[in-house]
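A.B. asks: Have a look; sequence and predicted model below, questions after that.
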Amino acid sequence: MLLKTVSSSSAALSLVSLHGGVKDVSPLLSSTNLRVSSGKSENLSVSVRATKDSTTDELSGVVFQPFEEVKKELDLVPTSAHVSLARQKYSDECESAINEQINVEYNLSYVYHAMYAYLDRDNVALKGLAKFFKESSVEEREHAEKLMEYQNKRGGKVKLQFIVAPLSEFEHVDKGDALYGMELALSLEKLVNEKLLNLHNVASKNGDVHLADFIESEFLTEQVEAIKKISEYVAQLRRVGKGHGTWHFNQMLLEQ
């Protein structure tokens, strides 16, 4: 059997075989014609010819044409040096809500730092509680920084706002400073949780799935766990009282 190429000005592709019959199998090819014809010769001839009027029309069934669909995206690429290149489907409302949550986290960090300073005084000397609130202050600042990184990642602009000056005295005649401080922390953590839920609602309302997932995975679970832990601390401090029991509770936190 001999396979050879035959040139021709005709715009067709034909296959000559020993077996009888002419069969058109052009549906198998997008821009060529394939024909099988009978013959007495033992040689097999294949002729391949380019179609002069062939086109690059889209294939039937193709639903994604990247070079066509990207044209509208190219038109949206910013040319100004002051506009983010990464921003896509990130609403102004989501951007503003992120900046508000950054402010919430910094305010909470500031309050916890003030509580640390109070509990570390020589006439209060609750070193374990001071350590707990100092670590809490650092954690809230890290939350603010995480939100700032996300803002930049989505092409938003971080706009820091004013921070309210916290209290400097946390003494409470009836409850004692340790219990009062922990109850205040519990209330603040619940307030932050409400703010995070509001942020999640803003993301959902604007159809921002990525922001909603970010809040769920990075903040909401941790917030629920923090509320549970501080709730247990409040219950324990209520049980042990203001005196020697508070000192033992303080030692427990110091050793953790």
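C.D. replies: Done, it's in. The shown structure was predicted, so the numbers you read here are calculated from the model rather than taken from an experiment. Residues are numbered from 1 along each chain as shown.

A.B. asks: Am I right that Gly207 sits in a helix?
C.D. replies: No. Gly207: not assigned to a helix; according to DSSP: H, G, I helix; E, B strand; the rest coil it is coil.

A.B. asks: ok, the closest residue to it other than its chain neighbours to Gln151 distance?
C.D. replies: Using C-beta to C-beta, 6 or more residues apart in numbering and skipping residues adjacent in sequence, the residue nearest Gly207 is Lys89, 7.8 Å away. For every residue, glycine as well, the C-beta is placed using N, CA and C. For Lys89, the distance to Gln151 (C-beta to C-beta, to the nearest Å) stands at 15 Å.

A.B. asks: Those two: which has the busier surroundings?
C.D. replies: Gln151 (20 against 11; other C-beta atoms under 10 Å).

A.B. asks: just checking, that one touches Lys159?
C.D. replies: No. Assessed by C-beta atoms under 8 Å, Gln151 is found out of contact with Lys159, at 9.0 Å.

A.B. asks: Between those two, which contacts overlap?
C.D. replies: Asn99 (C-beta atoms under 8 Å, 6 or more residues apart in numbering).

A.B. asks: For Arg185, give its distance to Glu73.
C.D. replies: To be clear, residue 185 is Ala; Arg isn't right here. 48 Å.

A.B. asks: So those two - more neighbours on which side?
C.D. replies: Neighbour totals were compared for Ala185 and Glu73, and Ala185 leads with 22 against 9 (other C-beta under 10 Å).

A.B. asks: Contact partners for the more buried one?
C.D. replies: Counting by C-beta under 8 Å, 6+ apart, Ala185 touches 112, 115, 133, 136, 230.

A.B. asks: Report how many residues lie close to the third one.
C.D. replies: Spelled out, it's Phe133. 25.

A.B. asks: Give me the phi and psi for it.
C.D. replies: With angles defined as degrees, to the nearest 10, Phe133 sits at phi -80, psi -30.

A.B. asks: how is the protein carved up into domains?
C.D. replies: For the chain, automatic domain parsing gives the domain ranges 1-60, 92-255.

A.B. asks: Now tabulate those domains in CSV and tack on mean pLDDT.
C.D. replies: Putting those into CSV (pLDDT from 0 to 100) gives the following:
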stretch, mean pLDDT
domain 1-60, 49
domain 92-255, 96
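
A.B. asks: Looking at these, which is nearest to Val83?
C.D. replies: With C-beta to C-beta as the measure, domain 92-255 is the member of the domains of the chain nearest Val83 (8.5 Å).

A.B. asks: Could you work out the end-to-end span of that closest one for me?
C.D. replies: 46 Å (C-alpha to C-alpha, to the nearest Å).

A.B. asks: ok now it, how far from the chain's centre?
C.D. replies: Its chain's C-alpha centre and that of domain 92-255 lie 22 Å apart, by C-alpha atoms, centre = their mean, to the nearest Å.

A.B. asks: From Leu199, how far out is Glu218?
C.D. replies: Glu218 is 11 Å from Leu199, by C-beta to C-beta.
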